[in-house]
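# give me the fold of what follows.
(one chain, ligands or ions: 2)
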Amino acid sequence: TACSSKYVLSQMHPMWQGPLAVPGGDRQSPIDIVVRKSVLDTQLKPLVTDYDPKTCQQIWNNGYSFLVEYDDTSDKSTLKGGPLQDKFRLCQFHFHWGENNAWGSEHTLDRRLFPAELHLVHWNSDKYSLFEEAVMEENGLAVLGVFLKVGKRHEGLQKLVDALPAIRHKDSVVEFTRFDPACLLPTNTDDYWTYHGSLTTPPLTESVSWIIMKQHIEVSHDQLAVFRSLLFTSAEEEVQKSMVNNFRVQQPLRGRTVRSSFS
Ligand SMILES: NS(=O)(=O)N=C1NCCCN1
Ligand SMILES: [Zn+2]
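Ligands and ions are numbered 1, 2, ... in the order given. Model prediction:
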């Protein structure tokens with residue numbers, strides 16, 4: 001699909017962590033959200049997600065995370081509202097996690113780390129016709145971030161967890177259909193923080209309206225352990241490396257304001 005952006009992601013190296021030279025670079029992600037410094041914006045609207053499970057196509061290991069990809073050739077799975085002026089099309093979702101439950105998220109709340117973070121990646125289909133175009137533009141992308149905590153088993157996630165052994169190695173892909181990503185959203189989607197930032201993996205372009213949910217979702221210890229059974233490396237490579245700690249280091253705020261939809 002348009003958003004597979006393999007050429008983009010293939011530049012990734014799993015141990016890639018350092019700051020790549022990024023033009024400008026004063027709107028990088030992820031960041032620490034200092035809750036008491038966020039500014040209530042009463043103009044922020046509720047988020048409106050309209051996801052069609054029939055647009056779910058495949059799940060694959062890109063050597064950095066695993067991605068569930070959606071058919072983004074029409075406006076079937078969309079996000080609007082919140083801080084957004086336009087309609088954004090879902091192209092994929094993926095996660096970032098740690099080697100243990102002590103860390104793994106990319107964003108933090110008052111320096112608090114979560115064991116994992118979900119990113120639902122959307123691009124502005126009112127202004128652009130392809131993900132690859134939108135990824136280079138200031139208001140091109142919207143990424144919904146949801147923190148994961150370890151607790152009770154997440155029934156909706158299990159279908160995805162069961163598919164992971166089939167994509168253990170980098171560049172493996174399997175068909176994955178009829179998955180409704182709305183099941184991964186917290187019950188309350190009205191409370192969120194939002195700020196302008198970048199992709200946290202190459203091309204790191206500063207084209208993202210970040211929307212970070214206040215409410216986390218819970219997954220079980222065992223479900224997260226299956227994430228960690230994935231490998232960064234392809235089947236041919238001699239040394240196999242566990243896919244863990246696939247998060248970027250936090251970036252300077254550079255004077256940006258984080259707005260909140262709630263007080
Ligand atoms: N972690 S992130 O900010 O979503 N980074 C992404 N990079 C390329 C394609 C989609 N997402
Ligand atoms: Zn991400």
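
# drop to CA atoms for contacts and neighbour counts, all remaining ones
Will do.

# run a quick neighbour tally on the residue in the stretch 151-263 of the chain that ligand 1 sits nearest to.
Of all residues in the stretch 151-263 of the chain, residue 199 sits closest to ligand 1, at 3.3 Å by C-alpha to the nearest ligand atom. Close neighbours of residue 199, defined as other C-alpha atoms under 10 Å, add up to 23.

# burial count for the closest residue to it other than its chain neighbours?
Distances taken as C-alpha to C-alpha, 6 or more residues apart in numbering place residue 205 nearest to residue 199, at 5.7 Å, with adjacent residues excluded. Look at residue 205: counted by other C-alpha under 10 Å, it has 24 neighbours.

# same thing with residue 211?
25.

# what sits against the residue of the stretch 151-263 of the chain closest to ligand 1?
28, 29, 205, 206, 207, 208 (C-alpha atoms under 8 Å, 6 or more residues apart in numbering).

# with pLDDT and secondary structure as added columns, please give these in TSV.
Formatted as TSV, the contacts of residue 199 follow (pLDDT from 0 to 100; DSSP: H, G, I helix; E, B strand; the rest coil):
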residue	pLDDT	secondary structure
28	96	coil
29	97	coil
205	95	coil
206	96	coil
207	97	coil
208	98	strand
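
# tell me the buried residues in stretch 104-116?
Buried residues in stretch 104-116, counted by 16 or more other C-alpha atoms under 10 Å: 104, 105, 106, 107, 108, 113, 114, 115, 116.

# and the gap between the fifth one and ligand 1?
It refers to residue 108. Residue 108 is 14 Å from ligand 1, where distance means C-alpha to the nearest ligand atom, to the nearest Å.

# start and end of stretch 174-181, how far apart?
17 Å (C-alpha to C-alpha, to the nearest Å).

# those residues of the stretch 151-263 of the chain touching ligand 1, which are they?
Within reach of ligand 1 by C-alpha under 6 Å from any ligand atom, the stretch 151-263 of the chain has these residues: 199, 200, 201, 202.

# how far away from the center of its chain is stretch 100-113?
14 Å (C-alpha atoms, centre = their mean, to the nearest Å).

# got the contact list for it?
Contact with stretch 100-113 is made by 30-35, 96-98, 114-117, 147, 150, 245-250, as judged by C-alpha under 8 Å, 6+ apart.

# for the residues of the stretch 151-263 of the chain next to ligand 1, pick the one with the most neighbours.
Ranked by neighbours (other C-alpha under 10 Å), these are led by residue 199, which has 23 neighbours.

# sorry, back to before: pLDDT and secondary structure added to the residues of the stretch 151-263 of the chain next to ligand 1, as CSV?
Listed next are these as CSV, based on pLDDT from 0 to 100; three-state DSSP:
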residue, pLDDT, secondary structure
199, 97, coil
200, 97, coil
201, 96, coil
202, 93, coil
